[in-house]
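S.K.: I need the structure of the sequence given here:
(one chain, ligands or ions: 3)
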Amino acid sequence: MRLILLGPPGAGKGTQASAIVKRYNIPHISTGDIFRMNIKENTPLGKEVKHYLDAGLLVPDELVVDIVKDRIKKSDCKNGFLLDGYPRTIKQAEVLDEELAKMGTKLDAAINIFLDTQLLIERAVGRRLCKNCGATYHIKFHPPKQQGICDKCGGELYQRDDDKEETIKKRIEVYINQTKPLIEYYKNREILVNIDGSQSIENTFDQIINALEK
Ligand code: ADP
Ligand code: ADP
Ligand code: ZN
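M.R.: Ligands and ions are numbered 1, 2, ... in the order given. A predicted model of the protein is given here:
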(Lines give C-alpha, C1' and ligand atoms only; values in the text may rest on other atoms or scores of the structure.)
(Ligands and ions follow the chains in the order given, each with its own letter.)
Protein backbone atom coordinates (compact mmCIF):
# COMPACT_ATOMS: atom_id res chain seq x y z
CA MET A 1 0.00 0.00 0.00
CA ARG A 2 1.54 3.31 -1.11
CA LEU A 3 -0.34 6.15 0.51
CA ILE A 4 -0.14 9.86 1.09
CA LEU A 5 -2.04 11.93 3.65
CA LEU A 6 -3.27 15.39 2.68
CA GLY A 7 -4.98 17.91 4.90
CA PRO A 8 -4.51 21.20 6.69
CA PRO A 9 -2.41 21.50 9.86
CA GLY A 10 -4.25 19.98 12.81
CA ALA A 11 -6.63 17.87 10.70
CA GLY A 12 -5.44 14.65 12.32
CA LYS A 13 -2.95 13.36 9.74
CA GLY A 14 -0.30 12.27 12.23
CA THR A 15 -2.87 10.63 14.52
CA GLN A 16 -4.41 8.62 11.68
CA ALA A 17 -0.99 7.83 10.23
CA SER A 18 0.04 6.00 13.41
CA ALA A 19 -3.02 3.73 13.18
CA ILE A 20 -2.81 3.18 9.41
CA VAL A 21 0.84 2.08 9.45
CA LYS A 22 0.09 -0.41 12.22
CA ARG A 23 -2.67 -1.98 10.19
CA TYR A 24 -0.67 -2.28 6.97
CA ASN A 25 2.75 -2.73 8.54
CA ILE A 26 4.34 0.01 6.46
CA PRO A 27 6.69 2.83 7.52
CA HIS A 28 5.29 6.21 8.59
CA ILE A 29 7.27 8.93 6.83
CA SER A 30 6.53 12.39 8.23
CA THR A 31 8.58 15.19 6.72
CA GLY A 32 7.57 17.43 9.65
CA ASP A 33 8.99 14.84 12.11
CA ILE A 34 12.19 14.58 10.03
CA PHE A 35 12.65 18.36 10.17
CA ARG A 36 11.87 18.56 13.90
CA MET A 37 14.37 15.80 14.63
CA ASN A 38 17.07 17.60 12.63
CA ILE A 39 16.30 20.86 14.44
CA LYS A 40 16.48 19.12 17.82
CA GLU A 41 19.83 17.59 16.93
CA ASN A 42 21.07 20.86 15.43
CA THR A 43 22.20 19.21 12.17
CA PRO A 44 23.10 21.34 9.11
CA LEU A 45 19.64 20.59 7.67
CA GLY A 46 18.04 21.52 10.98
CA LYS A 47 19.84 24.90 10.99
CA GLU A 48 18.73 25.56 7.44
CA VAL A 49 15.03 24.77 7.93
CA LYS A 50 14.35 26.07 11.46
CA HIS A 51 13.27 29.58 10.49
CA TYR A 52 10.77 28.24 7.96
CA LEU A 53 9.07 26.05 10.56
CA ASP A 54 9.10 28.86 13.15
CA ALA A 55 7.44 31.21 10.67
CA GLY A 56 4.85 28.65 9.58
CA LEU A 57 6.19 28.69 6.01
CA LEU A 58 6.98 25.74 3.78
CA VAL A 59 10.56 24.56 3.54
CA PRO A 60 11.69 25.13 -0.10
CA ASP A 61 11.03 22.17 -2.41
CA GLU A 62 14.78 21.63 -3.09
CA LEU A 63 15.32 20.80 0.59
CA VAL A 64 12.42 18.35 0.79
CA VAL A 65 12.26 16.33 -2.42
CA ASP A 66 15.65 14.60 -2.16
CA ILE A 67 14.95 13.49 1.40
CA VAL A 68 11.73 11.80 0.29
CA LYS A 69 13.26 10.33 -2.89
CA ASP A 70 15.98 8.65 -0.81
CA ARG A 71 13.60 7.54 1.92
CA ILE A 72 11.12 5.72 -0.35
CA LYS A 73 13.98 3.71 -1.90
CA LYS A 74 14.95 2.16 1.45
CA SER A 75 14.25 -1.54 1.77
CA ASP A 76 11.52 -1.09 4.41
CA CYS A 77 9.41 0.68 1.75
CA LYS A 78 9.41 -2.36 -0.52
CA ASN A 79 5.80 -3.22 0.33
CA GLY A 80 4.62 0.33 0.70
CA PHE A 81 4.76 3.44 2.83
CA LEU A 82 2.64 6.22 4.22
CA LEU A 83 3.77 9.77 3.51
CA ASP A 84 2.41 12.22 6.10
CA GLY A 85 2.84 15.91 5.21
CA TYR A 86 4.37 15.26 1.79
CA PRO A 87 3.68 16.39 -0.90
CA ARG A 88 2.71 19.96 0.00
CA THR A 89 3.20 21.58 -3.43
CA ILE A 90 2.42 20.53 -7.00
CA LYS A 91 6.17 20.38 -7.65
CA GLN A 92 6.64 17.90 -4.78
CA ALA A 93 3.77 15.78 -6.12
CA GLU A 94 5.30 15.70 -9.60
CA VAL A 95 8.69 14.66 -8.27
CA LEU A 96 7.05 11.87 -6.26
CA ASP A 97 5.10 10.61 -9.29
CA GLU A 98 8.25 10.63 -11.45
CA GLU A 99 10.28 8.82 -8.83
CA LEU A 100 7.64 6.13 -8.31
CA ALA A 101 7.32 5.70 -12.09
CA LYS A 102 11.09 5.11 -12.30
CA MET A 103 10.68 2.46 -9.60
CA GLY A 104 7.89 0.89 -11.69
CA THR A 105 5.12 1.69 -9.25
CA LYS A 106 2.60 4.36 -8.24
CA LEU A 107 0.46 5.65 -5.40
CA ASP A 108 -2.62 3.64 -4.40
CA ALA A 109 -4.48 6.46 -2.67
CA ALA A 110 -4.28 10.09 -1.59
CA ILE A 111 -6.23 10.39 1.66
CA ASN A 112 -7.54 13.92 2.11
CA ILE A 113 -8.71 14.75 5.64
CA PHE A 114 -10.87 17.88 5.70
CA LEU A 115 -11.97 19.99 8.66
CA ASP A 116 -13.20 23.56 9.18
CA THR A 117 -10.80 26.28 10.24
CA GLN A 118 -12.12 26.90 13.77
CA LEU A 119 -11.67 23.27 14.72
CA LEU A 120 -8.22 23.15 13.13
CA ILE A 121 -7.06 25.99 15.36
CA GLU A 122 -8.55 24.36 18.46
CA ARG A 123 -6.87 21.07 17.64
CA ALA A 124 -3.46 22.54 16.92
CA VAL A 125 -3.44 24.88 19.96
CA GLY A 126 -4.19 21.95 22.29
CA ARG A 127 -1.74 19.54 20.66
CA ARG A 128 1.03 18.07 22.81
CA LEU A 129 3.82 15.76 21.67
CA CYS A 130 6.04 13.30 23.50
CA LYS A 131 9.68 14.49 23.56
CA ASN A 132 10.83 10.92 23.56
CA CYS A 133 8.64 8.90 21.13
CA GLY A 134 6.71 11.61 19.25
CA ALA A 135 3.25 10.30 20.23
CA THR A 136 0.54 12.96 19.85
CA TYR A 137 -2.01 13.99 22.47
CA HIS A 138 -4.56 16.77 22.89
CA ILE A 139 -5.22 18.51 26.21
CA LYS A 140 -8.99 18.27 25.69
CA PHE A 141 -9.75 15.72 22.95
CA HIS A 142 -7.11 13.09 23.63
CA PRO A 143 -5.48 13.70 27.02
CA PRO A 144 -2.81 11.39 28.43
CA LYS A 145 -3.74 9.39 31.55
CA GLN A 146 -1.33 11.49 33.60
CA GLN A 147 -1.02 15.17 32.73
CA GLY A 148 2.17 16.02 30.86
CA ILE A 149 3.37 12.40 30.65
CA CYS A 150 3.28 10.06 27.62
CA ASP A 151 1.06 6.96 28.10
CA LYS A 152 3.27 4.90 25.83
CA CYS A 153 6.77 5.58 27.13
CA GLY A 154 6.54 7.88 30.17
CA GLY A 155 8.28 10.69 28.24
CA GLU A 156 7.63 14.37 28.90
CA LEU A 157 5.03 16.12 26.72
CA TYR A 158 5.71 19.48 25.05
CA GLN A 159 3.99 21.98 22.78
CA ARG A 160 5.38 22.63 19.29
CA ASP A 161 6.76 26.16 18.81
CA ASP A 162 4.63 26.54 15.68
CA ASP A 163 1.38 25.55 17.45
CA LYS A 164 0.77 29.12 18.65
CA GLU A 165 -2.48 30.59 17.33
CA GLU A 166 -0.79 33.20 15.10
CA THR A 167 1.55 30.67 13.47
CA ILE A 168 -1.28 28.19 12.99
CA LYS A 169 -3.30 30.84 11.13
CA LYS A 170 -0.28 31.47 8.91
CA ARG A 171 0.12 27.71 8.28
CA ILE A 172 -3.55 27.40 7.32
CA GLU A 173 -3.13 30.28 4.86
CA VAL A 174 -0.03 28.59 3.41
CA TYR A 175 -2.00 25.34 3.15
CA ILE A 176 -4.83 27.04 1.22
CA ASN A 177 -2.44 28.73 -1.22
CA GLN A 178 0.17 26.04 -1.80
CA THR A 179 -1.16 22.64 -0.74
CA LYS A 180 -4.92 22.68 -1.37
CA PRO A 181 -4.43 22.57 -5.18
CA LEU A 182 -3.18 19.00 -4.68
CA ILE A 183 -6.76 17.89 -4.03
CA GLU A 184 -7.56 18.64 -7.68
CA TYR A 185 -4.26 17.06 -8.77
CA TYR A 186 -5.10 13.69 -7.17
CA LYS A 187 -8.78 13.88 -8.08
CA ASN A 188 -7.69 14.06 -11.71
CA ARG A 189 -5.56 10.97 -11.16
CA GLU A 190 -8.60 9.21 -9.65
CA ILE A 191 -6.93 8.23 -6.38
CA LEU A 192 -8.42 10.89 -4.10
CA VAL A 193 -10.25 9.71 -0.99
CA ASN A 194 -12.08 12.41 1.02
CA ILE A 195 -12.40 11.86 4.76
CA ASP A 196 -14.46 13.93 7.22
CA GLY A 197 -11.93 14.78 9.93
CA SER A 198 -14.48 16.30 12.33
CA GLN A 199 -15.45 12.85 13.66
CA SER A 200 -13.80 10.97 16.53
CA ILE A 201 -10.33 9.50 16.04
CA GLU A 202 -11.87 5.99 15.79
CA ASN A 203 -14.61 7.00 13.38
CA THR A 204 -12.14 8.84 11.16
CA PHE A 205 -9.95 5.74 11.07
CA ASP A 206 -12.97 3.56 10.13
CA GLN A 207 -13.81 5.91 7.25
CA ILE A 208 -10.24 5.58 5.95
CA ILE A 209 -10.14 1.79 6.19
CA ASN A 210 -13.57 1.45 4.54
CA ALA A 211 -12.45 3.65 1.68
CA LEU A 212 -9.15 1.80 1.18
CA GLU A 213 -10.62 -1.69 1.42
CA LYS A 214 -13.87 -1.28 -0.48
P1 ADP B 1 1.16 19.61 10.48
O2 ADP B 1 1.07 18.18 10.91
O3 ADP B 1 0.66 20.54 11.55
O4 ADP B 1 0.52 19.83 9.16
P5 ADP B 1 3.96 19.06 9.89
O6 ADP B 1 4.58 18.46 11.09
O7 ADP B 1 3.58 18.18 8.78
O8 ADP B 1 2.71 19.97 10.35
O9 ADP B 1 4.93 20.19 9.30
C10 ADP B 1 5.50 21.18 10.13
C11 ADP B 1 6.30 22.16 9.29
O12 ADP B 1 7.37 21.46 8.63
C13 ADP B 1 5.54 22.85 8.15
O14 ADP B 1 4.87 24.02 8.62
C15 ADP B 1 6.68 23.19 7.19
O16 ADP B 1 7.43 24.31 7.66
C17 ADP B 1 7.59 21.98 7.32
N18 ADP B 1 7.27 20.91 6.34
C19 ADP B 1 6.87 19.63 6.62
N20 ADP B 1 6.69 18.93 5.49
C21 ADP B 1 6.97 19.76 4.46
C22 ADP B 1 6.95 19.64 3.04
N23 ADP B 1 6.58 18.48 2.43
N24 ADP B 1 7.30 20.71 2.30
C25 ADP B 1 7.66 21.88 2.87
N26 ADP B 1 7.70 22.07 4.19
C27 ADP B 1 7.36 21.03 5.01
P1 ADP C 1 -1.90 16.89 11.82
O2 ADP C 1 -0.81 15.85 11.73
O3 ADP C 1 -2.84 16.84 10.66
O4 ADP C 1 -1.36 18.27 12.03
P5 ADP C 1 -2.53 15.66 14.43
O6 ADP C 1 -2.75 14.23 14.14
O7 ADP C 1 -1.25 16.02 15.08
O8 ADP C 1 -2.79 16.56 13.09
O9 ADP C 1 -3.76 16.16 15.32
C10 ADP C 1 -3.86 17.51 15.78
C11 ADP C 1 -4.39 17.51 17.22
O12 ADP C 1 -5.75 17.08 17.23
C13 ADP C 1 -3.65 16.55 18.14
O14 ADP C 1 -3.58 17.14 19.43
C15 ADP C 1 -4.53 15.30 18.17
O16 ADP C 1 -4.42 14.60 19.40
C17 ADP C 1 -5.92 15.88 17.98
N18 ADP C 1 -6.81 15.02 17.18
C19 ADP C 1 -6.47 14.27 16.09
N20 ADP C 1 -7.57 13.64 15.57
C21 ADP C 1 -8.62 14.02 16.36
C22 ADP C 1 -10.02 13.72 16.33
N23 ADP C 1 -10.56 12.92 15.38
N24 ADP C 1 -10.80 14.28 17.28
C25 ADP C 1 -10.27 15.10 18.22
N26 ADP C 1 -8.96 15.43 18.29
C27 ADP C 1 -8.13 14.89 17.37
ZN1 ZN D 1 6.26 8.77 24.40
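S.K.: go through stretch 74-86 and flag the buried ones.
M.R.: Buried residues in stretch 74-86, counted by 16 or more other CB atoms under 10 Å: 77, 80, 81, 82, 83, 84, 85, 86. Any C-beta I mention is one placed from the backbone N, CA and C, and that applies to glycine too.
S.K.: return only those of those found close to ligand 1.
M.R.: Among the buried residues of stretch 74-86, the residues within reach of ligand 1 (CB under 6 Å from any ligand atom) are 85, 86.
S.K.: which non-adjacent residue is nearest residue 106?
M.R.: residue 100 (5.2 Å; CB to CB, 6 or more residues apart in numbering).
S.K.: the one you found touches residue 93, doesn't it?
M.R.: No - under the criterion of CB atoms under 8 Å, residue 100 makes no contact with residue 93, lying 10.8 Å away.
S.K.: confirm that residue 137 sits in a strand.
M.R.: Yes - the assignment for residue 137 (DSSP: H, G, I helix; E, B strand; the rest coil) places it in a strand.
S.K.: ok so, going back, helix/strand/coil for the residue nearest to residue 106?
M.R.: Going by three-state DSSP: residue 100 is helix.
S.K.: against residue 7, how distant is it?
M.R.: For residue 100, the distance to residue 7 equals 21 Å [CB to CB, to the nearest Å].
S.K.: more neighbours, these two?
M.R.: Neighbour comparison, residue 100 and residue 7: the larger count goes to residue 7, with 23 against 15 (by other CB atoms under 10 Å).
S.K.: bridging residues for the residue nearest to the more buried one when sequence neighbours are not counted?
M.R.: The shortest distance from residue 7 to any non-neighbouring residue, by CB to CB, 6+ apart, is to residue 113 (3.7 Å). Here residue 113 shows beta-bridge partners residue 195, assigned using DSSP bridges.
S.K.: and the gap between residue 113 and residue 173?
M.R.: 18 Å.
S.K.: okay, these two: which has more neighbours?
M.R.: residue 113 (23 against 11).
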